[in-house]
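Student: after the sequence you'll find the predicted model.
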Amino acid sequence: MNQKQFTHFVGIDWTGAKGKRHAGLKVALCTVGSSAPELVAPPSGAKNWSRVECSDWIAGGMELPPDAQALIGIDAAFGYPFDAGTGYLRGDSAAKCASELWQEIATGCEAAEDLFGGPFVECHSKHYRYQRYDPARGAFDTIVDNDYFKPLLREAEQICIRDKYGPCESVFNLIGASQVGKSALSTMNMLHRLRSRPEIAIWPFDDIDQQSVVLVEIYAAIFSKLGGGKGKVRDVHALNRILAGLRSARYEDELPSGSTVDDVTDAIMTSAGLRYIADSSEYWHPEGLSTMVRRTEGWIFGVV
């Protein structure tokens, strides 16, 4: 796998939330050089992106020049923990590689709105820690902590924790603000939709030499740390200090107020961070990326 020369860098802060359009799904883009990333609005003119619209935007070329080479980072897991003996989900999945797992998820969630991953959780609920809805009270109040659940982590996630890249949640935990489980499922549902497109490669599962669009899994906290930041970024001054550390020009627009500010700054940092490390060979060839991990679990781009 040779190193590519990318011209455009897209950061996507993803969401696994139920519904059709999502205030927390944010997209930022920058070009080769040092210009500041810019937020990308949904081409439909809607206020917020849907996951399907984002998927279609990627598949349609993102309105980039015909000769563009785009690196896209999505802040969500591209795979599940895999055991050499039992496979995925302790043997409850027949999938033997990531692409087969994506197909299982897509098939199980075919009727769900906007690539939502909830039906897959319902089908395999014994593997998850989640909250049950009480219709009498109209609230989620009962924590279901199955005997089968334990916080399994992929190889790259274990390295993240060991080497202090940042905390990583198990994809099987569906409770709390930092849970990532349904976000991962909707992402893998989308990857199944995109994988058939000959111009798109999904790293590290595919070779990336010939494709003009490469998707990678990222962890926004890594780019914050690379830029000298720590924790959530909630104001433009902190964001610009990180962008300077990533050799990017300042972000001159106003940030939104409220809960979506983290999503905006994560997308912007991801876009600039991808540009900052894309030419470094070590990130494309991490030591822990074995043949089996490459085929089954994938990797977080930025973890070495």
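Tutor: Cool, the structure landed. Numbering: from 1, shown residues only.
Student: same for the biggest helix by length in the chain, what does it pack against?
Tutor: Counting by DSSP state H, the longest helix found in the chain is helix 261-277. Here helix 261-277 touches strand 8-13, strand 26-31, strand 38-39, strand 70-74, helix 220-226, helix 236-245, going by 3 or more CB pairs under 8 Å, 6 or more residues apart in numbering; DSSP states H and E. The way it works is simple: take the backbone N, C-alpha and C, and place the C-beta from them, glycine included.
Student: please give the centre-to-centre distance between that helix and its chain.
Tutor: 12 Å (CA atoms, centre = their mean, to the nearest Å).
Student: just stretch 192-200 next, same as before
Tutor: Distance, centroid of stretch 192-200 to centroid of chain: 16 Å (CA atoms, centre = their mean).
Student: could you pull up the mean pLDDT of that stretch?
Tutor: Stretch 192-200 carries an average pLDDT of 96.
Student: do stretch 249-259 as well
Tutor: pLDDT averaged over stretch 249-259 gives 91.
Student: what comes up buried for it?
Tutor: By 16 or more other CB atoms under 10 Å, the buried positions in stretch 249-259 come out as 251, 255.
Student: also stretch 197-217?
Tutor: 200-206, 208, 211-217.
Student: among those, which are in strands?
Tutor: Of the positions in the buried residues of stretch 197-217, 200-202, 213-217 sit in strands, assigned by DSSP state E.
Student: so what's residue 5 closest to, chain neighbours aside?
Tutor: Nearest residue to residue 5, sequence neighbours excluded (CB to CB, 6 or more residues apart in numbering): residue 69, at 6.4 Å.
Student: I'd like the next helix or strand past the worst-scoring helix or strand of the chain on mean pLDDT.
Tutor: Every helix and strand of the chain was ranked by mean pLDDT, DSSP states H and E. The lowest is strand 139-145, at a mean of 67. As assigned by DSSP states H and E, the chain's next helix or strand after strand 139-145 is helix 155-162.
Student: relative to strand 70-74, how tilted is the following helix or strand past that next one?
Tutor: As assigned by DSSP H and E, the chain's next helix or strand after helix 155-162 is helix 181-194. Interaxial angle of helix 181-194 relative to strand 70-74 (axes from the mean of the first three to the mean of the last three CA atoms, to 10 degrees): 150 degrees.
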